[in-house]
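Chemist: Below: sequence and its predicted model.
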Amino acid sequence: MIYILIAIVCFIATLTGSICGMGGGIIIKPVLDSLGIMDAAVISFLSGCTVLAMSAYSVAEVRISKKSEIDPLVGTMLAIGATVGGILGKQLFNMIRASLSDTSLIKPIQAVCMLVLTLLCLIYSFMKSRVKPMKITNMPLSAVIGLLLGLISAFLGIGGGPVNVTILFLLFSMQPKEAAQNSLYIILFCQLFSLIWSLITHTVPAFSLMMLVLMAAAGIAGSIAGRLINRKIENGTVTILFRILMIVIIGINIYNIIR
């Protein structure tokens, strides 16, 4: 029963995530935390692998269909920076986890961080019409911004979530659908090299192979459904869905903190 529940969570998370450019980890991570069935390190790893599978499909699909809105210069520099940031975020997670006498404390720490970031993103989504976005074209600065995004994403085990999309709105003047595609492109690089780094450093936690295959398959299925829906909806609908997800995620994280 628990396997079916997790598959449903991964499908819904990656479906909505692929539409909004949030990867899906921002939903998968706190939901699995709330179930209390796995260690934080295992949840972060499996969530990251699920997000990697869905983002790989999404990026490949828009490339093949020639409907890509990924900025080849800015998007790639952000992705390169996120790759480095992802490795640093993974190391930060392992350091903090090793320093805690009770490793269960890592979950509420991550929940508080996610709650603050999600609240800020939600507030900005309602105020963005009053805030004049920037249009950064400086490549080194883009790489530094990508590094910070990758660090946050890997430490929290969320793939990128609303932070990527909000930064792409605010600092790069991207529209919702454009931001969604570029966010998934960044997430792909960040999660891929984060996984490679875990393998190189032998920091992959013990996990169920069946669970990994199930979550990855559900992630790809969610991505396929999300891409089909994304083609048929307007930017305004993407924004509304983004806000609804933020409210749901805030509620889940508040529950996890209290629990």
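Modeler: Perfect, I can see it now.

Chemist: And Leu122, how close does it get to Ile244?
Modeler: 10 Å (Cβ to Cβ, to the nearest Å). Every residue, glycine included, has its C-beta placed from N, CA and C.

Chemist: Could you do Gln181 as well?
Modeler: With Cβ to Cβ as the criterion, Gln181 and Ile244 are 20 Å apart.

Chemist: Ok, Ile64 next?
Modeler: In this view, Ile64 and Ile244 are 30 Å apart by Cβ to Cβ.

Chemist: again, but for Ile187
Modeler: Ile187 sits 20 Å away from Ile244, going by Cβ to Cβ.

Chemist: same deal with Trp197?
Modeler: Trp197 sits 34 Å away from Ile244, going by Cβ to Cβ.

Chemist: Which one's more surrounded, these two?
Modeler: The residue with more neighbours, out of Trp197 and Ile244, is Trp197; 17 against 12, by other Cβ atoms under 10 Å.

Chemist: which other helices and strands contact the helix or strand where the more buried one lies?
Modeler: Trp197 belongs to helix 176-200 when assigned by DSSP states H and E. Other helices and strands packing on helix 176-200, by 3 or more Cβ pairs under 8 Å, 6 or more residues apart in numbering; DSSP states H and E, are helix 2-20, helix 40-64, helix 74-99, helix 139-156, helix 161-172, helix 235-258.

Chemist: Find out how far the helix or strand that it is followed by is from the centre of the chain, if you would.
Modeler: Per DSSP H and E, helix 176-200 leads on to helix 209-232 as the next helix or strand towards the C-terminus. Chain-centre distance of helix 209-232: 14 Å, with Cα atoms, centre = their mean, to the nearest Å.

Chemist: so helix 209-232 versus helix 2-20, what angle?
Modeler: On the basis of axes from the mean of the first three to the mean of the last three Cα atoms, to 10 degrees, helix 209-232 is oriented at 30 degrees to helix 2-20.
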